[in-house]
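> With the sequence up front, the predicted model follows.
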Amino acid sequence: MDRFITLLMAFLSVVLVNNFVFTKFLGTCPYLGVSGQLDKALGMGLAVTFVTALSGTLTWLVDAYVLMPLHLEITRYICYIVIIAGAVQLVEMYVRRFFPSLYEAFGIFLPLISTNCVVLGVCLFLDVWGTNNLLEAVVLSTGTGIGFTVAICIMAGIREELILSDVPEAFKGAPITLVTAGILTMAFMGFAGMIK
Amino acid sequence: MSPSNNSNPYSTALFAGLWKENPTFRLLIGLCPPLAVTTAVKPALTMGLSVIFVLVCSNIVVSLMRNLIKPHVRIIMFTVTIATFVTICDMFLKAFTPKMSEILGAYVPLIIVNCLIIFRAEACASKSGLVVSILDAVGMGAGFTLSLCVLAGVRELLATGHVFDIRVMPEAYVPCLAFQMPVGAFVTLGLLLGLIALLTRKKGA
């Protein structure tokens, strides 16, 4: 039971308190660029969640059972990026085979997930956080992906409203989006201290 | 910058990144580092120099290999090249400036997925010769560093009253700590972009 609570806390922590977009600025490119429509943002978020979960777990396994025992930590970044590219390729093939319409809708964004900061960020931060068992790695990497999904969905919702509002000429587009993101970050700061 | 605006491809490649196509302020790519490491000028400068190093090296390699690689494997080849140079850079920082390496933390390896570097490899180095690629990398990297330092300067000044650890504001200034938090990063960049839009619009009109 204790273990379950620890995992639940870890999950909530990466989704709300240590949300990658709001506290670590990872994945700000799609966060500001893609999130114009809610349904597209959700699809993108789910694809990223799947890739983060898969590559977070895989890189943790490779790190713990191949690189550490063989003292090949120096090749860590290269291994990570190759694993991520492989995972994205897998997702791309799967989506193209079973959901052709979704594949069409994503277009270029699907292969570009491999250069999404969130994905590599998870792999690196799993190490920084000192994750020491597989279950924790799975929960943390899935949670990070869900946190990203939450962030871009909220942003997409706000931006749908933003189109209708009267923004000063100079602030149209990116500037107002960034200021909005700042205020949203402030709201999420309210979760700080909820979990140690 | 006006004398450089002739049609010489070398000077165009060098100066485009500084202002006209400034990666942070104009193209809005590679936004992680400008938001994450700009709490003070020193880490921002370190990050900027690291990005210049990686960008120049990867542009050289990509430019030299541009006729050898097949189009469908190019992205993975770019990322592996970049990852190699980032590893070198990370080890260098760890060895010579361990303190700075600790402050920057995971953001140094995250240079691998910085859109700016892949974008330049794709848009410039994989199509142009060696000299143009190097000049482009230097220009873009300098523009990126410049934007990081401006952003960091504003945030450090408002958050602590210091710039580069030198006191600038009068003693009575009350530090506004919010600018050192994530909120400050987003808001400062947003306001700066708004300011730039305002200034350039006036100039154009």
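Received the coordinates, thanks. Numbers count the residues shown, from 1 in each chain, chains lettered A, B, ... in the order given.

> okay, and for chain A, where does confidence drop off?
A:33-35, A:108, A:195-196 (pLDDT under 70).

> what are the ranges of the helices in it?
A:2-12, A:20-23, A:28-33, A:38-62, A:68-70, A:76-98, A:100-106, A:109-112, A:117-128, A:134-162, A:174-189 (DSSP state H).

> close to chain B, is the longest one?
No: using Cβ under 8 Å from any Cβ of the partner chain, helix A:134-162 stays clear of chain B, coming no nearer than 11.4 Å. (Each C-beta comes from the backbone N, C-alpha and C, glycine too.)

> What helices and strands are in contact with that helix?
Helix A:134-162 is packed against helix A:2-12, helix A:20-23, helix A:28-33, helix A:38-62, helix A:117-128, helix A:174-189, with contacts defined by 3 or more Cβ pairs under 8 Å, 6 or more residues apart in numbering or on different chains; DSSP states H and E.

> List of residues touching the shortest one?
For helix A:20-23, the surrounding residues in contact (Cβ atoms under 8 Å, 6 or more residues apart in numbering or on different chains) are A:14, A:17, A:26-28, A:31, A:118, A:121-122, A:144, A:147-148, A:151-152, A:184-185, A:188-189, B:182.

> Looking at the helices and strands packed on helix A:134-162, which is nearest to B:A16?
helix A:174-189 (19.6 Å; Cβ to Cβ).

> Now do the buried residues in the closest one.
A:174-182, A:184-186, A:188-189 (16 or more other Cβ atoms under 10 Å in any protein chain shown).

> filter those down to the ones near chain B?
A:174-182, A:185-186, A:189.

> for A:G193, phi and psi?
phi 90, psi -10 (degrees, to the nearest 10).

> and what of B:H162?
Here B:H162 shows phi and psi, under degrees, to the nearest 10, equal to phi -110, psi 150.

> Show the contacting residues for it.
B:156, B:168-169.

> Just among these, which is most surrounded?
Neighbour counts for the contacts of B:H162 peak at B:E156, which has 23 neighbours (criterion: other Cβ atoms under 10 Å in any protein chain shown).

> center of chain B, which residue is that?
Nearest to the geometric centre of chain B sits B:F144, at 2.8 Å (Cα atoms, centre = their mean).

> check which helix or strand covers that one.
helix B:130-160 (DSSP states H and E).

> Identify the residues contacting stretch B:57-76?
So stretch B:57-76 is in contact with A:82, A:85, A:111, A:114-115, B:77-78, B:81-82, B:85, B:117-118, B:120-122, B:124-130, B:133-134, B:136-137, going by Cβ under 8 Å, 6+ apart.

> same deal with stretch A:66-74?
By Cβ under 8 Å, 6+ apart, stretch A:66-74 touches A:75-76, A:79, B:87, B:91.

> mind checking the SS state of B:F15?
Per DSSP: H, G, I helix; E, B strand; the rest coil, the local secondary structure of B:F15 is helix.

> pLDDT wise, what is B:T24 at?
We note a pLDDT of 83 for B:T24 in this prediction.

> which one is it nearest to, not counting chain neighbours?
B:S147 (3.7 Å; Cβ to Cβ, 6 or more residues apart in numbering or on different chains).

> Number of residues surrounding that neighbour?
25.

> quick one, what contacts it?
B:22-25, B:34.

> same deal with A:L46?
A:T149.

> ok, 10 Å please
A:102, A:145-146, A:149 (Cβ atoms under 10 Å, 6 or more residues apart in numbering or on different chains).

> Can you go through these and name the buried ones?
Looks like these have A:145-146, A:149 buried, using 16+ other Cβ under 10 Å.

> Count the residues that sit near B:V73.
Using other Cβ under 10 Å: B:V73 sits among 10 other residues.

> hmm, I was thinking of A:F50
With other Cβ under 10 Å as criterion, A:F50 counts 19.

> hang on, it packs against A:V91?
Yes: taking contacts as Cβ atoms under 10 Å, A:F50 lies within contact range of A:V91: 6.1 Å.

> Quickly list what's touching both of the two.
A:I113.

> can you pull out the strands in chain B?
Under the criterion DSSP state E, strands of chain B are mapped to B:162-163, B:166-167.

> Put together a markdown table for those, with mean pLDDT and distance to B:N67 on each row.
Below are the strands of chain B laid out as a markdown table (pLDDT from 0 to 100; distance: least, Cβ to Cβ, whole Å):
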| stretch | mean pLDDT | distance to B:N67 |
| --- | --- | --- |
| strand B:162-163 | 82 | 47 |
| strand B:166-167 | 80 | 50 |
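
> and those, which is most packed in?
Among those, strand B:162-163 has the highest mean neighbour count (mean count of other Cβ atoms under 10 Å in any protein chain shown), at a mean of 16.

> Now the residue sitting furthest away from the middle of chain B, what are its backbone angles?
Distance from the C-alpha centroid of chain B, by Cα atoms, centre = their mean, peaks at B:A172 (33.9 Å). Per-residue torsions, B:A172: phi -70, psi -10 (degrees, to the nearest 10).

> and it, what does it touch?
By Cβ under 10 Å, 6+ apart, the neighbours of B:A172 are B:G161.

> pLDDT wise, what is it at?
77.

> and if you look at B:N59?
94.

> And for the least confident helix or strand in chain B by mean pLDDT, what's in contact with it?
Least confident helix or strand, chain B: strand B:166-167 with a mean of 80, by mean pLDDT, DSSP states H and E. By Cβ under 10 Å, 6+ apart, the surrounding residues in contact with strand B:166-167 are B:41, B:160-161, B:173.

> So which of these is surrounded by the most neighbours?
Highest count within these by other Cβ under 10 Å belongs to B:V41, 23 neighbours.

> What is the neighbour count of the nearest residue to that residue once chain neighbours are set aside?
Taking Cβ to Cβ, 6+ apart, and ignoring the residues beside it in sequence, B:V41 has B:A152 as its nearest neighbour in space, at 4.6 Å. B:A152: 26 surrounding residues under other Cβ under 10 Å.

> B:F78 is in contact with B:S126, isn't it?
Yes: with contact defined as Cβ under 10 Å, B:F78 reaches B:S126; the gap is 8.0 Å.

> so what sits against both of the two?
With Cβ under 10 Å, 6+ apart as the test, B:F78 and B:S126 both reach B:62, B:65, B:69, B:120.

> measure A:E136 to chain B for me?
18 Å (Cβ to the nearest Cβ, to the nearest Å).

> Thanks again, I'm all set now.
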